[in-house]
Every structure is written in C-alpha cells, then in structure tokens.
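Enquirer: Coordinates for the following, if possible.
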Amino acid sequence: MTGQLCDRLEAAPVLPAKASAAALLKRELIERLHDEVAAHALQAHLATHPRSAALVAGVLAHSPFLTQVMRFDPAGLLASLTEAPEMRRDALLAAIAAFGAGDCETSDLMRELRRFRRAMALLIALADIGGVWDVEAVTAALTATADMATKLATDHALRQAADLGRINLADAADPGPGSGLVVLALGKHGAGELNYSSDIDIVVFFDPEAAEAAGVREPSSFFVRLTQQIARIIQERTPDGYVFRVDLRLRPDPASTHVAIALPSAYSYYETVGQNWERAAMIKARPIAGDAELGRRFLRDLSPFIWRKYFDFATIADIHAMKRQIQTVKGHETIAVAGHNVKLGRGGIREIEFFVQTQQLVFGGRRPALRGPRTIDMLGELTKENWISPQARDELTESYCWLRTIEHRLQMRNDEQTQTLPAEAKDLEAFARFCGYPSTLAFDKALTAHARRVESHYALLFEDAPSLASDAGALSFTGTEDDPETLETLRKLGFRQPSVAAETVRGWHFG
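Expert: Take a look at the predicted model:
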C-alpha cells in the first residue's frame, strides 16, 4: 500500500480526561520548537489534518520519549506524517548506508547512527500507533534498523583495522567477505521480530585460517578488540543517545569465553555440550555482518545439532522446565493486570514462543518446513503439518500480535526494555488510554481474554509435563539463573552454600 501516512491513519491514543488535543499540541510541541519555519509548517499540517493532530496529541500525552524526539526534529515529524512510511523508511536506510560507506570518523558515524535510529523510532511508532503498519511490518522495520547499525559498525571497524595494517581486506567497499569474521543475530533480532526498545543479541565467531590468510597475526585478541569496538559504536551513550544495547551473552559458555570465539571451538562446544535452550536460540540465528557466506556455512554445518533426526520428546520437559523456572524467579505465576509481565507472565509472549519452538525442535528434524525463525510463520507451518488446528493457529497468531503491540507501547513510553504493565492504578489507566482503550476495565478485559487463551493452548501441549520437584523438593538446574525453590531444597539437604552447589551442577554441563 502507498500513500501518505496522514491519509492512512486509522487509530490514535485516547487522551486523558478533560485534555484537549489543541491545547496539548500548542503547549507541549509548537510553543517549544526553536525552528520557527518547521513549527509553522507543522502547525499548518496539524490544523488541516485532524487524524494527524489526534495521533500526535496522543503521543504527547503518553510518551515522554517520543515527545522529546518530536521536539528535537519537527521536520522529521512532518516528513513522517506527509510521506508514505515505506518510502521514508527506505530513504532513511539508504541515507545512513551511504554515509557509513564513506570515509568518516568513528565519532561522526556514532552521531549519525543515533540520529538515524531516532528518526526510525519516530516513524515506526507513528505507523504502529496510527494503525498503518501491522506487527510484522513494525518488527521488520525495527530489525532493518538494527541490521544496518550492526553492519555499518562492523564494516567501519574492519576498515579502521585495515588502515592500521592489522588486516588485509579484499575489498574496502565490502570488507566482510574474506575477513574471517562472522556476526550472527539471535533471538527476535535474528528472526526479524525485534522489539521496539530491545537489546540486540549477537554472537561473534571467527575463522582462524581465513584470518591468517588476511594477515591477522593474533586472531583471538584481534577479533575480541574488534567486537568490543563494534559494541561500543552501537551502544555507548553520547549526547545523541545510543543506537541499541548489545548483549553478547548468548555465545557458548559466556562465563569463561571471550566475546569472539573461534569457529572450531564453537563447533566442538555445540556438538558435545550444547543444551536445548541453545538449540532453540540457533533456530533464529542469522548472519548480519562480516562474512555472510561463512556465517551461512557455519549454520548449515550446525544443522545436525539444532535439528535432531529422531523425535526428542525430552525437549518438551526441558523447555517447559525453563519456562516455569522463569516464572518462578521473576514472580509471574499468575495473571494480574496491574504489574503483569506480557512477555514472561502466564499467557504471555514467551508461552507462544515456547509453544512454537518446542514443537520445532521435536519435529523439525524430519520436517524441514518447521525450521523457520518467525513465530507467526511457524504457527502456519504447524497447521499445515497437522500438529495444531487452524483454530489454534488463528487464536495464537491474534494473541501474539496483540501482546507484541502492548509490549511495544510499554517500551515507547520511555524507550525502556520493559514488558511489565504499570502497577499503580493511575499509571495503568493512562497506559490503557495510550493503547487506545477508554478505561482500565476495557484493557483488563482484553488482556485477560488473550492471556487465558494463550494459557489454554500452552497447557494442552504441556499437560503431561513432569513436575520440577523431586521427593525432596524442586531440583532444577536449567538456564543460567538460580531457581529459588531449588536453593531451598539444597538447604534442606544440608548444603551450606546452595548457590555454589547449584553453580557446580550447572558447571558439569561444561565438563
């Protein structure tokens, strides 16, 4: 679909009681702009486009972060409203790509990346809140933003290293191929389903032989420093903000490995001691920077680890144990709207993801169609393979999209990585209005309906899952965090330092 954003708007937040859109626009935006030309043009547009005015007023009422962005760049706000969002998205991506491909200083790249991310954040939020883009279009745009930032930071770091004589590049314009460097995106980033305000999960590997051929003297230390530079370019906070927070902890054995790992060591790790949660993580892995072909080859070679030939029903119990442990540790055992976590809580996003990923791991070894990274796509494939009903597919898809939309609204307020609804009644009422509901009661009804629906489908899959508790009590050593019930069981068994004992048991996994 084409056409200006302002002509395609279908929704807007509900304003606080007794609030006036005109007063909000004047007091919170127009009168605070220092650029008189931009202020006049924006005011003229809002005066003649009531849907734009309603959308912007609603954002001003409920999102301090987006309010700051609009005040900082009123021309960007007007462009977002008066251009086709798809064209503006592509133009922003093309402009930053052209800048990053040029000869620029690190500080200049960092500044422009932060301004690029801010412009994309505003465009995506307006298209999302205004009902112009669905969840898949929103997450695809967010993912494209992260992909571009990671690639430009990686290419810049490689070119700098080449300028210093530390690596020989076959092509400075495209420095990844032949460098021996592999940057994989995992999680929602890898799947193309990135959150509005999310960490990006990346893992970095390198091929020692390729690095040696490229003139790298000490590959391990070189690629560790390179990875640290890439992360700094993306996540360091400057007066212009940051681009994305970078999480490098999904690499093999993060407690005892460097941030960049040799490919042979990674192969050996996954083949010998890789866990089910790492299999699940690798479902969504995707090369985004460095030598893309080397990254794809690595994932192809890793396929036997991810996709077992024989049905692995023990995976269901293992992943369900992880999910229950998350709920226990985080305190999300029940559905309650105030303070509810829409990701980790019962009936939340994580249950839908586990519902899909578990069946992928169990059946994907013999069903290649079930090996895709995207949650909604795989709900469709599970239906085609007759593992779930069309009703389950439709209901879980609808709930997934609804929950992801609510998650994005939470994160849009203050650009925070949060999935927890406000606990205070007044704040919860305001958030319900930001989501387009007239009252907390209406929002409560919608949330409860979706959560109950998700919980019922999840329970059918895991209805026979074994208890985490033994006769002595709970003993769960899955994941990386201590399970409180397991620590209590270890105390009853006589361990003076139960957390040390739990860490020891987890360490057996690594030999």
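Enquirer: which one's the longest helix in the protein?
Expert: If you go by DSSP state H, the chain has its longest helix at helix 135-163.
Enquirer: which other helices and strands contact that helix?
Expert: When contacts are defined as 3 or more CB pairs under 8 Å, 6 or more residues apart in numbering; DSSP states H and E, helix 135-163 packs onto helix 85-101, helix 106-129, strand 181-185, helix 187-191, strand 200-206, helix 219-235, strand 286-290, helix 390-414. Just so you know, the C-beta spots here come from the backbone N, C-alpha and C atoms, and that holds for glycine as well.
Enquirer: mind running it again at 7 Å?
Expert: helix 85-101, helix 106-129, strand 200-206, helix 219-235, strand 286-290, helix 390-414 (3 or more CB pairs under 7 Å, 6 or more residues apart in numbering; DSSP states H and E).
Enquirer: Show me the shaky parts of the stretch 101-250 of the chain.
Expert: Residues of the stretch 101-250 of the chain meeting the criterion pLDDT under 70: none.
Enquirer: Now the element after the lowest-mean-pLDDT helix or strand in the chain, going C-ward?
Expert: Ranked by mean pLDDT, DSSP states H and E, the weakest helix or strand in the chain is helix 314-330, scoring a mean of 57. Per DSSP states H and E, the first helix or strand lying C-terminal to helix 314-330 is helix 349-363.
Enquirer: chain center to that next one, what's the gap?
Expert: How far helix 349-363 lies from its chain's middle: 17 Å, per CA atoms, centre = their mean, to the nearest Å.
Enquirer: Alpha carbons only: can I get it in CSV?
Expert: Output of helix 349-363 as CSV, limited to C-alpha atoms (Å, rounded to 0.1, in the frame of the first residue of the first chain):
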residue,chain,number,x,y,z
ILE,A,349,4.6,-13.9,24.6
ARG,A,350,7.1,-16.4,25.9
GLU,A,351,4.4,-19.1,26.2
ILE,A,352,3.6,-18.7,22.5
GLU,A,353,7.3,-18.7,21.6
PHE,A,354,7.9,-21.9,23.6
PHE,A,355,4.7,-23.5,22.2
VAL,A,356,6.2,-23.0,18.7
GLN,A,357,9.9,-23.6,19.4
THR,A,358,9.4,-26.8,21.3
GLN,A,359,7.4,-28.4,18.5
GLN,A,360,10.0,-27.2,16.0
LEU,A,361,12.8,-28.9,18.0
VAL,A,362,10.8,-32.1,18.4
PHE,A,363,9.6,-32.4,14.8
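Enquirer: any idea how far the next helix or strand after that helix is from the chain center?
Expert: Per DSSP H and E, the first helix or strand lying C-terminal to helix 349-363 is helix 375-384. Its chain's C-alpha centre and that of helix 375-384 lie 20 Å apart, by CA atoms, centre = their mean.
Enquirer: by contact count, what packs against helix 375-384?
Expert: With contacts taken as 3+ CB pairs under 7 Å, 6+ apart, helix 375-384 sits against helix 349-363, helix 390-414.
Enquirer: tell me the mean pLDDT over it?
Expert: Averaging the model's pLDDT scores along helix 375-384 yields 96.
Enquirer: Touching stretch 108-127 from outside, list them.
Expert: Residues from elsewhere that reach stretch 108-127 (CB atoms under 7 Å, 6 or more residues apart in numbering): 5, 55, 66, 69-70, 73, 76-77, 80, 85, 88-89, 92, 96, 99-100, 133, 138, 141-142, 145, 149, 152, 156, 233, 238, 240-243, 412.
Enquirer: Of these, keep whichever come out buried.
Expert: With burial judged by 16 or more other CB atoms under 10 Å, the buried subset of those is 5, 55, 66, 69-70, 73, 76-77, 80, 85, 88-89, 92, 96, 100, 133, 138, 141-142, 145, 149, 152, 156, 233, 241-243, 412.
Enquirer: how about stretch 45-55: buried residues?
Expert: Under 16+ other CB under 10 Å, the buried positions of stretch 45-55 are 45-46, 49, 51-55.
Enquirer: same check, this time on stretch 249-257
Expert: So, applying 16+ other CB under 10 Å, buried residues of stretch 249-257: 250-252.
Enquirer: And for stretch 379-391?
Expert: The neighbour-count check on stretch 379-391 (16+ other CB under 10 Å) flags 379-383, 387-388 as buried.
Enquirer: for those residues, which one is nearest Phe222?
Expert: Nearest to Phe222 out of these is Glu381 (CB to CB; 41.2 Å).
Enquirer: That closest one against Ala369, yeah?
Expert: Yes. Between Glu381 and Ala369 a contact is recorded at 5.0 Å, counting by CB atoms under 7 Å.
Enquirer: before we move on, the earlier item: for the buried residues of stretch 45-55, please prepare JSON lines with the additional fields distance to His189.
Expert: Listed next are these as JSON lines, based on distance: CB to CB, whole Å:
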{"residue": "His45", "distance to His189": "34"}
{"residue": "Leu46", "distance to His189": "35"}
{"residue": "His49", "distance to His189": "35"}
{"residue": "Arg51", "distance to His189": "32"}
{"residue": "Ser52", "distance to His189": "31"}
{"residue": "Ala53", "distance to His189": "35"}
{"residue": "Ala54", "distance to His189": "33"}
{"residue": "Leu55", "distance to His189": "28"}
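Enquirer: Nearest to Ala210 among those residues?
Expert: Distance to Ala210, by CB to CB, is smallest for Leu55 among the buried residues of stretch 45-55, at 49.9 Å.
Enquirer: returning to that earlier point: would TSV of the buried residues of stretch 249-257 with secondary structure be doable?
Expert: What follows is those, written out as TSV (DSSP: H, G, I helix; E, B strand; the rest coil):
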residue	secondary structure
Leu250	coil
Arg251	coil
Pro252	coil
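Enquirer: ok, back up a step: relative orientation of the longest helix of the chain and helix 390-414 in degrees?
Expert: 60 degrees (axes from the mean of the first three to the mean of the last three CA atoms, to 10 degrees).
Enquirer: How far off centre is helix 135-163?
Expert: Between the centre of helix 135-163 and the centre of its chain there are 14 Å (CA atoms, centre = their mean).
Enquirer: For it, buried residues please.
Expert: Buried residues in helix 135-163 (16+ other CB under 10 Å): 135, 137-162.
Enquirer: ok, back up a step: and the helices and strands packed on helix 375-384, which is most packed in?
Expert: The highest average neighbour count among the helices and strands packed on helix 375-384, using mean count of other CB atoms under 10 Å, belongs to helix 349-363 at a mean of 23.
Enquirer: Run through the neighbouring helices and strands of it.
Expert: If contacts are counted by 3+ CB pairs under 7 Å, 6+ apart, helix 349-363 sits against helix 276-283, helix 314-330, helix 375-384, helix 390-414, helix 440-461.
Enquirer: With distance to Thr489 as extra columns, can I get those helices in CSV?
Expert: Output for the helices and strands packed on helix 349-363, formatted as CSV (distance: least, CB to CB, whole Å):
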stretch, distance to Thr489
helix 276-283, 22
helix 314-330, 13
helix 375-384, 34
helix 390-414, 33
helix 440-461, 25
